[in-house]
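>>> Give me a 3D structure for the following:
(2 chains)
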There are 2 protein chains.
Amino acid sequence: MFVAVMGYGTVGSGVVELLYKNHDSIVKKSMQDSLELKYILDIRDFPNSPYKDKFTKDFNVILNDPDVKIVVETMGGVTFAYDFVKKLLLAGKSVVTSNKELVAQKGYELLCIAKEKNVNFLFEASVGGGIPIIRPITQCLAANEINEIAGILNGTTNYILTKMITENAYFDEALKNAQELGYAEKDPTADVDGHDSCRKICILASLCFGKHVYPDNVHTEGIRNISLRDVAYAAAWGGVIKLIASAKKINENSITVTVGPSFVQAHSQLAGVDDVFNAILVRGDAAGDVVFYGRGAGKMPTASAVVADVIDAAKHTLKKKNFGWDDAEENYIADYLKQTSALYIRGTADDKSEAVKAINARIGAIRILNIADAPENELAFITNPAPEGEIRSKINNINGFGINNIIRVTDY
Amino acid sequence: MFVAVMGYGTVGSGVVELLYKNHDSIVKKSMQDSLELKYILDIRDFPNSPYKDKFTKDFNVILNDPDVKIVVETMGGVTFAYDFVKKLLLAGKSVVTSNKELVAQKGYELLCIAKEKNVNFLFEASVGGGIPIIRPITQCLAANEINEIAGILNGTTNYILTKMITENAYFDEALKNAQELGYAEKDPTADVDGHDSCRKICILASLCFGKHVYPDNVHTEGIRNISLRDVAYAAAWGGVIKLIASAKKINENSITVTVGPSFVQAHSQLAGVDDVFNAILVRGDAAGDVVFYGRGAGKMPTASAVVADVIDAAKHTLKKKNFGWDDAEENYIADYLKQTSALYIRGTADDKSEAVKAINARIGAIRILNIADAPENELAFITNPAPEGEIRSKINNINGFGINNIIRVTDY
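Prediction:
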């Protein structure tokens, strides 16, 4: 059986490396007589690559070669990847991708084509890099009704937050440091503003709850507005701030999906996830909380997830994997303001005891947080859990109290 | 398709409950028109059970019913379970079990029969309760060569150690407390002396490295000899003591497998695993360290793993899953003393500075640990990593230094 790899960047070159390095055990596990790389598609030249005879610039060579049964897409982006993947599936080839944007935007359509053509469209590597998560959700936790899935899905922001928490670094410093180390792009928007996490939670939410969730429908906040005082208040509360992407069932017919900074309790398995590591918590009705932890990005971890999918696709050439979700549905994703959560609120009060009285009158008891070196008139507190929109509207327009930041408080 | 459950104890009754509770989604995921419980085998009477018409005391009813394609074994023990499971597999039925003792003792033989008969023998629930681990190892991490697997596999001992660490409870007190809460048996030997962890690491080691590992071949230590001073020294070192079961490749043809108390660094994902929770770390050549965390025991978590296997068995009625390992091999499991590790050593010295000099002369630099309230003549330290047997023999018989405890120090 022959395989092609499209896109010889970080992940694609890792896939090629792994297919050669662990060749024999990969062939054995795939239950095929052979599993060989036939083409690498890339527009660039790699004259010194040990695999130089495999390169092609012509997509049609792969598309029209009947020997190629499995194609790996590690090009990234949507435009070309979508066009190519669609054509490959329609031509009856299985596709394995690490492209979260493609799956988040076009997953439903591509899964439908794969189903119709009885081939596999697999994307374990699109979420959590080397962490097994797609397959455990669909298989190992299959006996569960999943009530919530939440995770630290972006290594860049987690690295920045870790620097802020453990070294008291300012956001700008930490970002610069991450850029120097190659953990953050020159334009860090996709990471820092939560878009990368958003795409990943879309995939996880679609899988866990059965209907396609599009990035446009997800309330997404980044970490730019997190100050070192917020970090200190989180410590005073007994936890840390993490960028959490989460999807939660709120009733039989709807879910909420959000990405945003969140308070996480110190004893939570998510609190200890530092630097560029990722972790995903799945809350099942029978299994309880299960957490998956590991390297969420990087060449070889991501390549290992891609190649595991290649093995799986090779094993399932005759019978497609039962795997996928339904089309998106109107009103299925509820407004995030309907989600019940405790909130951390930091603001400025003309008169603190008056402000606390007024807040108590509106939303009941609060837990006031104190840190050293806070400005005299700063008031920070944790509310009781309630629908977020309710708390926000009640707390708004309190005379003599101005809000500076609001952060969700998780219960894990 | 019909299913039978053998053994209506904690796990078995959870399986029955789950098969009814999440019936529709389970049937859908199993890709069958139906998936119904036909029999429950138990020698006891359950006259008030809502499933009372399903009970039978006669194993042959299940064995001889051609409609029953999948049988769940949750009886525990080896004698009867082995006899029954073997007959069922030989009769062409798939078997799903949560019985770690059965798999650790008879896994190879039963897997061979399953292969020959083209049926499935699945045991996700035998390790880690509700934590997905067997399938992720065989599938998601299939592109990796696994170098090590290690974990906290026993909730009882982890509960006791957590009490010792966080509440300074003595071992006996903590054990009594665990017994009162139902976390420990009246006879706690299997848990406290490491036998339960041993069976589970046998299964994981067999799976990761491809040859059957029998419990008799595993060096197993329990936690009875852990004192509160050891706990304090671990904190002084910067970590905690956990009962770690581990299997490690030491070269292409051999592995070491051990169960014993171990120092784990505070920032490790295993260090924060408290109370009855379990976690398993898998070290792959491509994925790096991946950790799976969750409830390692209990009715519904374990039942959820069993039912996931039932779904999988139902999906793979035509094609057996490629899954298993080879027979045990002589000299394949190396003496644990050959394993390279740093060691924590606590002893009594007639003259501490003389003892340190003598120790340095034998094994080079050591890191001395200090805690408050230690006896005047106590000397505790961490060695550099070296083959364990080498350190032990060198450190033995030092004039004026008597060893009281030795604990392995992990590098995760």
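
>>> Can you give me the distance of A:Asn48 to chain B?
23 Å (CB to the nearest CB, to the nearest Å). Placement of C-beta: from N, CA and C, glycine included.

>>> for A:Ser393, same thing?
For A:Ser393 relative to chain B (CB to the nearest CB), the value is 37 Å.

>>> How about A:Ala303?
The value you get for A:Ala303 to chain B, if CB to the nearest CB is used, is 6 Å.

>>> What parts of the stretch 201-350 of chain A come near chain B?
A:267, A:269, A:271-274, A:284-295, A:298, A:300-301, A:303-308, A:310-312, A:315, A:318-319, A:322 (CB under 8 Å from any CB of the partner chain).

>>> what ranges do the helices span in the stretch 151-300 of chain A?
A:155-167, A:171-180, A:189-192, A:195-209, A:228-237, A:299-315 (DSSP state H, counting those that start in this stretch).

>>> residues of the first one that come out buried?
The neighbour-count criterion (16 or more other CB atoms under 10 Å in any protein chain shown) identifies A:Gly155, A:Thr156, A:Thr157, A:Asn158, A:Tyr159, A:Ile160, A:Leu161, A:Thr162, A:Lys163, A:Met164, A:Ile165 as the buried residues of helix A:155-167.

>>> Spit out the contact partners of the last one.
Read it as A:Ile165. A:Val231, A:Ala235, A:Val240, A:Ile241 (CB atoms under 8 Å, 6 or more residues apart in numbering or on different chains).

>>> mind redoing it with 10 Å?
When contacts are counted by CB atoms under 10 Å, 6 or more residues apart in numbering or on different chains, A:Ile165 touches A:Ala174, A:Leu228, A:Val231, A:Ala232, A:Ala234, A:Ala235, A:Val240, A:Ile241, A:Lys242, A:Ala271, A:Asp274.

>>> With the second one instead?
When contacts are counted by CB under 10 Å, 6+ apart, A:Thr156 is found next to A:175, A:178-179, A:181, A:183-185, A:188, A:190-192, A:196-197, A:223, A:243, A:276, A:296-297.

>>> tell me the angle the helix or strand encompassing A:Ser341 makes with helix A:228-237.
A:Ser341 belongs to strand A:340-349 when assigned by DSSP states H and E. Strand A:340-349 and helix A:228-237 meet at an angle of 120 degrees, taking axes from the mean of the first three to the mean of the last three CA atoms, to 10 degrees as the criterion.

>>> any idea how far A:Ile133 lies from A:Val290?
10 Å (CB to CB, to the nearest Å).

>>> what's the overlap in contacts for the two?
A:Ile280, A:Val282, B:Pro132.

>>> The first one contacts A:Leu270, doesn't it?
Yes - in terms of CB atoms under 10 Å, A:Ile280 counts as a neighbour of A:Leu270; the distance is 8.9 Å.

>>> Please identify which of those two sits among more neighbours.
A:Ile280 (28 against 24; other CB atoms under 10 Å in any protein chain shown).

>>> Return the residues in contact with the more buried one.
A:127-128, A:131-133, A:136-137, A:149-153, A:200-201, A:204, A:245, A:270, A:273, A:290-294, A:296.

>>> Against B:Glu17, how distant is it?
When A:Ile280 is compared with B:Glu17 (using CB to CB), they lie 27 Å apart.

>>> Equivalent analysis for A:Asp309, please.
For A:Asp309, the distance to B:Glu17 - CB to CB - is 34 Å.

>>> Then A:Leu270?
When A:Leu270 is compared with B:Glu17 (using CB to CB), they lie 29 Å apart.

>>> ok, now A:Asn118?
In terms of CB to CB, A:Asn118 sits 36 Å off from B:Glu17.

>>> Next: A:Val257.
Taking CB to CB, one finds A:Val257 at 30 Å from B:Glu17.

>>> These two: which is more packed in?
More crowded of A:Val257 and B:Glu17, by other CB under 10 Å: A:Val257, with 27 against 17.

>>> Pairing-wise in the sheet, spell out the partners of that one.
A:Ala247 (DSSP bridges).

>>> Derive a PyMOL selection command for the buried subset of the contacts of A:Thr156.
To isolate the buried members of these in PyMOL, using 16+ other CB under 10 Å:
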select buried, chain A and resi 175+178+183+184+188+190+191+192+196+197+223+243+276+296+297
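
>>> Is stretch A:24-41 in proximity to chain B?
Yes - counting by CB under 10 Å from any CB of the partner chain, chain B is contacted by stretch A:24-41 at A:Ser25, A:Ile26, A:Lys28, A:Lys29, A:Ser30, A:Met31.

>>> follow-up on the earlier one: among the shared contacts of A:Ile133 and A:Val290, name the least confidently predicted one.
Lowest pLDDT within these is found at B:Pro132 (94).

>>> I'd say A:Ser268 and A:Asp289 touch.
Yes - counting by CB under 10 Å, a contact exists between A:Ser268 and A:Asp289, whose distance comes to 9.3 Å.

>>> where do the contact lists of the two overlap?
Common neighbours of A:Ser268 and A:Asp289 (CB under 10 Å, 6+ apart) are A:Leu281, A:Tyr412.
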